[in-house]
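In: Can you look at this prediction? I've put the sequence above it.
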Amino acid sequence: MQDAFSSPEHQRRHQPPYDPLHPPPHSSPPPHPFPHHTSPAHLTYPWQPQPQPPEPERKRQPRHHALGRHSDIRVLRGAYRRQRRVATLTALGYFTLFLFLSAFAPGLMASEVSGGLPTGLLLGLLQVPVTCLAIGLYEYTARRRVDPIADRIRRQTQLDAKREAAR
């Protein structure tokens, strides 16, 4: 027969506090006060960052993709990349041709064109107008292809900013 003091209910209510240095025989330790996926409120180590509260969720998703993924941005990058390549290859290509002829065709570079002017000097002097041509080509393609795309993106960004401010 069980008396009132040996019932499981009474034993559960009147257990001594858990002592980690002297656990009772054949008993399991109490569950950890914090689940494994969370950390305690105090810092365990001084170099650990403070726990950050979760950011509130946005209620509304934007209609447009982020600018980095926007198709106009990709088109602008491509147009600007082509513009840089054409202008750079025009100036550097001519200079490389001049250096190649100077190194491997010295007879051609020493020959006279007219009035005692050597071909090498003429080609060297033509480097300035070719560089100016590359700069002009860069500006022309910027005005014709790159600037309209950049203006369209700028207008769209300003319109999006006004819509966000109105919310």
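Out: Arrived safely, thanks for sending.
In: can you give me the helices for this protein?
Out: Under the criterion DSSP state H, the chain contains helices at 8-13, 71-104, 106-110, 119-125, 127-141, 147-166.
In: Redo these as TSV? Include mean neighbour count and mean pLDDT.
Out: C-beta here means a position set from N, CA and C on the backbone, and glycine is covered the same way. Converted to TSV, the helices of the chain look like this (neighbours: other C-beta atoms under 10 Å; pLDDT from 0 to 100):
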stretch	mean neighbour count	mean pLDDT
helix 8-13	9	63
helix 71-104	14	90
helix 106-110	12	92
helix 119-125	15	93
helix 127-141	14	91
helix 147-166	11	89
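In: Out of those helices, flag the one nearest residue 55.
Out: Judged by C-beta to C-beta, the one of these that comes nearest to residue 55 is helix 147-166, at 17.8 Å.
In: now the end-to-end length of stretch 122-133.
Out: Stretch 122-133 has an end-to-end distance of 17 Å (criterion: C-alpha to C-alpha, to the nearest Å).
In: same check, this time on stretch 109-117
Out: 10 Å.
In: List of residues touching that stretch?
Out: Residues from elsewhere that reach stretch 109-117, judged by C-beta atoms under 8 Å, 6 or more residues apart in numbering: 101-102, 118-120, 122-123.
In: For residue 152, list the residues it contacts.
Out: Residue 152 makes contact with residue 72, according to C-beta under 8 Å, 6+ apart.
In: What distance do you get for it to residue 72?
Out: 6 Å (C-beta to C-beta, to the nearest Å).
In: Extract the C-alpha set from stretch 74-86 and format it as CSV.
Out: Coordinates of each C-alpha in stretch 74-86 appear next as CSV, following Å, rounded to 0.1, in the frame of the first residue of the first chain:
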residue,chain,number,x,y,z
ARG,A,74,22.8,45.3,-67.8
VAL,A,75,22.3,47.1,-71.1
LEU,A,76,24.1,50.2,-69.8
ARG,A,77,27.0,48.1,-68.6
GLY,A,78,27.3,46.4,-72.0
ALA,A,79,27.2,49.7,-73.9
TYR,A,80,29.8,51.3,-71.6
ARG,A,81,32.0,48.3,-71.9
ARG,A,82,31.9,48.4,-75.7
GLN,A,83,32.5,52.1,-75.6
ARG,A,84,35.6,51.7,-73.5
ARG,A,85,36.9,48.8,-75.6
VAL,A,86,36.5,50.6,-78.9
